[in-house]
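*Asks:* sequence and computational prediction follow.
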Amino acid sequence: MNNSTPPHVVELRDVRLQFGEKKVLEGVSLAVEPQERLVVMGQSGSGKSTILRLVLGILQPTAGSIFFQQYEITRLKRRKLQQVRTQIGMVYQYSALLSSRSVRDNIALPLEELTTKTRAEIDRIVDEKLEMVGMLATKHQMPSELSGGMKKRISFARALVMDPELILFDEPSAGLDPVISSVIDELIISLSEQSKVTSIIVTHEMDSAFRVGTKMAMLYRGSIIEVGEPEKFKQSKNPVVAQFLSGSTEGPILEGTNDAIATK
Amino acid sequence: MAEAIPETEENRSFETNPVVVVQGVGQMGRSFLAEVGGMFWFIVNTIAETTDNMRRGRAPFRASSFFRHSARAGVGSVPLVAMVSFFLGLTMALLTGYQLERFGTERLVPGLVAIAFTRELGPLLTGIMLAARIGASFTAELGTMQVSEEVEAIEAMGISPLRFLVAPRMLALVALMPCLSIISSLAAIFATSLISVAYFNIAFVYFNDLVLSSLLIRDIVTGIAKSFLFGLLIGAVACYRGLSVSGGAAGVGIATTSSVVTAITAVIAFDTVFNVVYVVFFP
Ligand SMILES: Nc1ncnc2c1ncn2[C@@H]1O[C@H](COP(=O)(O)OP(=O)(O)O)[C@@H](O)[C@H]1O
Ligand SMILES: [Mg+2]
């Protein structure tokens, strides 16, 4: 066995993944240190959500290994994997709240199913987490009665409910107006500092990325082409990164793709 | 081999090359077996993950969840099952009655309907109705949860969707099927009693005797055993189809249709197998 247990919270080593013939990840290596907020940028369809699913063990890589703390996610048995998942919170792009349950029941779900806490304790924790995201007033509403930003905050509270070590955000500002998107970003920063959690945030929105990130990574054509501090990242010489940051249509990103035709 | 044949108008529009046809049949056979295997492992995994929790001294799911599904599926189905069975019982009693009357043996009608419904038609009809009514709703519900990533979110929390979503639904169907098929048989027998009194001059008291003397315990046991099996089948097919939905709203529609068709076919197929096995091993 490998004795060099990685000190990282998450580590991906040369991870490859293909769906049938389609190669999505072709050798992704990444390490996330404690209390870091790593932002992974990339075009839509580049495999950003796929990376988060790999970290949760929902997808299995074709090759390579993935570590969460001392656990190798790719080798865990079902029971152990389920236990490890309780230490990881996930905020989905479209929130993925259970539509048949009220806000309170959505947040209480992991506590009810996975712990032996009493109803009173659960209610206390639910109130506390709802307070943290400023949504206590919606406690008895159904998800369908809430706006996109509110749902996202509820789903943030749900991710926090088991006091995780790591939180994964899939496009936290997607589909939100700029103001609400800033609110979410500030919430990510304040809560991750307050609860001392590590986070991986996946996004393609530059403003939001540089607001929340303490480290940036760029995913392009199946691998990480640039990693670094936000300041260094902005000055990157890599033409792909430069084009992505500037949002220009001139550059290597569109070359040879169907989108290139549309820009002519 | 397939390339050796030149592409003319005829063989392009209709595939007649025997190799390709056999390949096609083989492909269909393979995907059928894969489907059956998938369904089998689905049931095994659901049971394994559910009992796993019980071994660690926890209830596998909330009783309230089971009761909610049972109430939704069961209580609402009572009028439908009772009505359909009542009308079928009426028809069956009338048709057989008029034929048997010619031989003066119309007092066989109560026994005939009673046996037919307790061991065969009751479970079968109930199974078909529940597949359409409850199976479809389970598939659509789980399918929608699947496409909106709710199922994945549950999995990501470390909760087994099989235990949390599938087990209570499957158990609700297994528990309900026998109850509803008993209701079905009772409704048909009641309909027969009305016909017997009205057309064949068989009094209620005599009718009761005829039914009770013709029904054997093993007819009842067979009917109930079948009902449990059908409940498990319908539940497994519905949940399996629901959780394997892909492709958005259209996918949910396709899966729901497929769930009803598969469940009804499976129920009829298993009924036949059950009958054959029963006749061969317990003559
Ligand atoms: N279950 C799947 N089966 C086949 N292809 C998939 C599956 N999931 C994702 N993909 C493909 O993988 C690529 C990356 O998807 P995703 O990680 O969702 O991208 P994004 O960066 O937009 O989050 C996409 O091109 C998508 O078509
Ligand atoms: Mg995505």
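*Replies:* Structure received. Numbering: from 1, shown residues only, chains lettered A, B, ... in the order given. Ligands and ions are numbered 1, 2, ... in the order given.
*Asks:* only C-alpha atoms for contact and neighbour calcs from this point on.
*Replies:* Will do.
*Asks:* any idea which helix or strand carries whichever residue of the stretch 51-200 of chain A sits closest to ligand 1?
*Replies:* Going by Cα to the nearest ligand atom, ligand 1 is nearest to A:I51 of the stretch 51-200 of chain A, at 6.6 Å. Applying DSSP states H and E as the criterion places A:I51 in helix A:48-55.
*Asks:* do that helix and chain B meet?
*Replies:* No. Judged by Cα under 8 Å from any Cα of the partner chain, helix A:48-55 and chain B are separated, with a smallest distance of 8.6 Å.
*Asks:* so how far is that helix off the chain centroid?
*Replies:* Chain-centre distance of helix A:48-55: 8 Å, with Cα atoms, centre = their mean, to the nearest Å.
*Asks:* where do the helices of the chain begin and end?
*Replies:* Here I'm looking at chain A. A:48-55, A:78-85, A:103-114, A:119-132, A:148-160, A:178-194, A:206-212, A:230-234, A:239-246, A:258-263 (DSSP state H).
*Asks:* looking at chain B here, not the other one
*Replies:* B:9-13, B:18-55, B:63-74, B:78-101, B:109-116, B:122-130, B:136-147, B:150-156, B:161, B:167-200, B:204-214, B:217-243, B:248-281.
*Asks:* just give the nearest non-adjacent residue to the most centrally placed residue in chain B, would you?
*Replies:* Nearest to the mean C-alpha position of chain B, by Cα atoms, centre = their mean, lies B:G127 at 3.6 Å. Excluding its sequence neighbours, the residue lying closest to B:G127 (Cα to Cα, 6 or more residues apart in numbering or on different chains) is B:F230, at 6.2 Å.
*Asks:* any weak-confidence spans in chain B?
*Replies:* In the prediction, chain B carries residues with pLDDT under 70 at positions B:1-15.
*Asks:* leaving out chain neighbours, which residue sits closest to the closest residue to ligand 1 within it?
*Replies:* Relative to ligand 1, the nearest point of chain B is B:S246 (8.7 Å; Cα to the nearest ligand atom). Spatial nearest neighbour of B:S246, excluding adjacent residues (Cα to Cα, 6+ apart): B:V147 at 6.6 Å.
*Asks:* contacts only, for the one you found.
*Replies:* Applying Cα atoms under 8 Å, 6 or more residues apart in numbering or on different chains, we find B:V147 in contact with B:245-249.
*Asks:* same thing with B:L162?
*Replies:* Taking Cα under 8 Å, 6+ apart as the test, what B:L162 contacts is B:45-46, B:49-50.
*Asks:* where's B:Q99 relative to A:M216, distance?
*Replies:* 85 Å (Cα to Cα, to the nearest Å).
*Asks:* again, but for A:F156
*Replies:* Taking Cα to Cα, one finds A:F156 at 21 Å from A:M216.
*Asks:* quick one: the residue of the stretch 151-283 of chain B at minimum distance from chain A from A:R53, how far?
*Replies:* Nearest residue of the stretch 151-283 of chain B to chain A: B:G158, at 4.2 Å (Cα to the nearest Cα). Distance, B:G158 to A:R53, using Cα to Cα: 13 Å.
*Asks:* neighbour-wise, which of the two wins?
*Replies:* For the pair B:G158 and A:R53, the greater number of neighbours falls to B:G158 (25 against 19), based on other Cα atoms under 10 Å in any protein chain shown.
*Asks:* tell me the one of the contacts of B:V147 nearest A:D14?
*Replies:* When the contacts of B:V147 are ranked by distance to A:D14 (Cα to Cα), B:S246 comes first, at 28.9 Å.
*Asks:* what is the burial count for the closest one?
*Replies:* Using other Cα under 10 Å: B:S246 sits among 16 other residues.
*Asks:* any quick ChimeraX command for the buried ones out of the contacts of B:L162?
*Replies:* The buried residues among the contacts of B:L162 can be selected in ChimeraX (16 or more other Cα atoms under 10 Å in any protein chain shown) with this line:
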select /B:46,49,50
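*Asks:* what would the contacts of B:L162 look like in TSV with distance to B:V81?
*Replies:* Shown next, in TSV, are those (distance: Cα to Cα, whole Å):
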residue	distance to B:V81
B:N45	31
B:T46	28
B:E49	33
B:T50	30
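*Asks:* nearest to chain A, of the contacts of B:L162?
*Replies:* Of the contacts of B:L162, the one sitting nearest to chain A (Cα to the nearest Cα) turns out to be B:E49, at 9.3 Å.
*Asks:* need the contact list for the closest residue to chain B within the stretch 151-264 of chain A.
*Replies:* Residue nearest to chain B within the stretch 151-264 of chain A: A:A159 (8.2 Å; Cα to the nearest Cα). Neighbouring residues of A:A159 by Cα under 8 Å, 6+ apart: A:88-91, A:167.
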